[in-house]
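>>> Below is the structure, and that's it, no one-letter string:
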């Protein structure tokens with residue numbers, strides 16, 4: 001099939017690469033404009049553009065694809081179908097209807113669950129054990145089109161936003177290659193989405209990464225995993241931002257007790273406040289115990305053991321290395 005591919009981030013590159021390798025003719029790629037990045041604010045091309053240039057595919061980068069000039073330019077290309085994956089702009093019905101088979105979207109959830117911009121992170125945040133990828137026939141709504149195909153993907157207890165991203169990218173690439181021939185052959189009976197089951201995964205912002213220690217240990221642990229590596233889960237320590245890269249839910253009965261390889265540091269045994277506070281472990285955000293490997297923090301319910309952190313201006317490091325340069329003791333407070 002002749003395809004115009006619309007996408008911007010790494011997630012879209014997997015699908016584009018699979019389509020090229022499957023022998024489809026990608027007549028053009030449409031992606032977001034280059035943006036300044038880093039301290040030097042140098043202009044950086046989107047990953048999809050970089051891939052297209054390496055493979056000799058023409059690239060279009062409209063600031064607003066809805067503008068008449070951009071629509072006219074798009075209409076000049078011959079395409080049987082538009083394939084969209086995390087493009088980042090809203091397409092009008094006029095654009096969606098241009099190709100012979102319309103436009104299809106590769107969405108990283110099992111629709112109608114988690115429509116919107118951040119389905120991968122939201123699935124982890126909500127404690128889902130299964131998510132997936134949906135190929136949908138696009139309409140003017142946000143992820144509301146008819147379902148053409150789906151594939152389920154398991155979420156492991158260790159999955160982060162990054163690792164689940166990789167799983168879903170591979171699954172989506174495979175699914176779109178399998179689905180396109182069935183669309184061309186007229187073998188698919190589209191399925192209307194059940195609006196009563198619809199949920200929305202709104203766009204993430206850096207502010208959402210701030211840890212609220214009044215939440216449960218399970219909720220906070222899921223946030224840390226979901227927001228790795230962006231936007232990141234963070235708190236404050238001694239007036240500085242502390243990013244948390246890895247943590248585990250602590251055993252409320254034994255946390256802070258001596259165990260092989262994880263004994264409390266001398267002078268850093270659990271405080272009287274933490275030791276006698278019951279399941280919730282004391283004031284949310286207060287340090288319950290410090291060992292050679294972990295900093296255990298009281299939550300609204302349960303405790304969380306921090307294992308890998310990054311203080312503002314410093315490198316990401318295991319807690320055992322972090323404690324070599326930062327003195328922290330039971331009773332110290334994280335967060336506002």
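Nice, thanks for sending it over. As the structure is a computational prediction, the values presented were derived from the model and not from experiment. Residues are numbered from 1 along each chain as shown.
>>> hey, let's count contacts and neighbours off CA atoms from now on
Fine.
>>> roughly how far apart are residue 283 and residue 328?
Distance of residue 283 to residue 328, given as CA to CA, to the nearest Å: 16 Å.
>>> Between the two, which is the more surrounded one?
Remark: of residue 283 and residue 328, residue 283 carries more neighbours, 20 against 17, as counted by other CA atoms under 10 Å.
>>> residue ranges of the strands in the stretch 1-150 of the chain, please?
Per DSSP state E, counting those that start in this stretch, the stretch 1-150 of the chain has strands spanning 2-7, 25-30, 35-37, 42-44, 59-60, 81-85, 103-107, 115-116, 130-137, 146-154. These are given in chain order.
>>> For these, which has the smallest mean pLDDT value?
In terms of mean pLDDT, the lowest-scoring of those is strand 35-37 (a mean of 87).
>>> residues in contact with that strand?
Applying CA atoms under 8 Å, 6 or more residues apart in numbering, the contact partners of strand 35-37 are 42, 43, 44, 45.
>>> I'd like the residues you listed as JSON lines, with distance to residue 219 and neighbour count appended.
Shown next, in JSON lines, are those (distance: CA to CA, whole Å; neighbours: other CA atoms under 10 Å):
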{"residue": "42", "distance to residue 219": "37", "neighbour count": "11"}
{"residue": "43", "distance to residue 219": "37", "neighbour count": "12"}
{"residue": "44", "distance to residue 219": "35", "neighbour count": "14"}
{"residue": "45", "distance to residue 219": "36", "neighbour count": "18"}
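>>> Can you give me the distance of the nearest residue to residue 127 once chain neighbours are set aside to residue 87?
In this structure, residue 127 finds its nearest non-sequential neighbour in residue 222, 7.1 Å apart by CA to CA, 6 or more residues apart in numbering. The spacing between residue 222 and residue 87, counted by CA to CA, is 27 Å.
>>> picking that back up, in CSV: the strands of the stretch 1-150 of the chain, plus distance to residue 296.
What follows is the strands of the stretch 1-150 of the chain, written out as CSV (distance: least, CA to CA, whole Å):
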stretch, distance to residue 296
strand 2-7, 42
strand 25-30, 47
strand 35-37, 35
strand 42-44, 40
strand 59-60, 50
strand 81-85, 40
strand 103-107, 37
strand 115-116, 35
strand 130-137, 29
strand 146-154, 29
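>>> How is this protein divided into domains?
The record, using automatic domain parsing to delimit domains, assigns the chain the ranges 2-201, 206-325.
>>> measure the longest one end to end?
The straight-line separation of the ends of domain 2-201 (CA to CA) is 32 Å.
>>> right, so of the domains of the chain, which gets closest to residue 334?
Taking CA to CA as the criterion, residue 334 comes closest to domain 206-325 out of the domains of the chain, the separation being 4.9 Å.
>>> For the closest one, measure first residue to last.
Using CA to CA, the gap from the first to the last residue of domain 206-325 comes to 27 Å.
>>> So what's the gap between it and the chain middle?
The gap between where domain 206-325 is centred and where its chain is centred comes out at 22 Å by CA atoms, centre = their mean, to the nearest Å.
>>> what's the average pLDDT for that domain?
Per-residue pLDDT values across domain 206-325 average out to 82.
>>> by contact count, what packs against the top helix by length along the chain?
Residue-count comparison of every helix in the chain, with assignments taken from DSSP state H, identifies helix 161-184 as the longest. Counting by 3 or more CA pairs under 8 Å, 6 or more residues apart in numbering; DSSP states H and E, the packing neighbours recorded for helix 161-184 are helix 10-21, strand 103-107, helix 119-125, strand 130-137, strand 146-154.
>>> Mean neighbour count and distance to residue 312 added to these, as CSV?
Listed next are the helices and strands packed on helix 161-184 as CSV, based on neighbours: other CA atoms under 10 Å; distance: least, CA to CA, whole Å:
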stretch, mean neighbour count, distance to residue 312
helix 10-21, 20, 27
strand 103-107, 25, 35
helix 119-125, 24, 24
strand 130-137, 24, 34
strand 146-154, 19, 34
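>>> Residue 93: which of the ones you listed is closest?
Among those, strand 103-107 comes nearest to residue 93, with 9.7 Å by CA to CA.
>>> Specify the angle between the closest one and strand 146-154 in degrees.
Orientation of strand 103-107 against strand 146-154 (axes from the mean of the first three to the mean of the last three CA atoms, to 10 degrees) gives an angle of 20 degrees.
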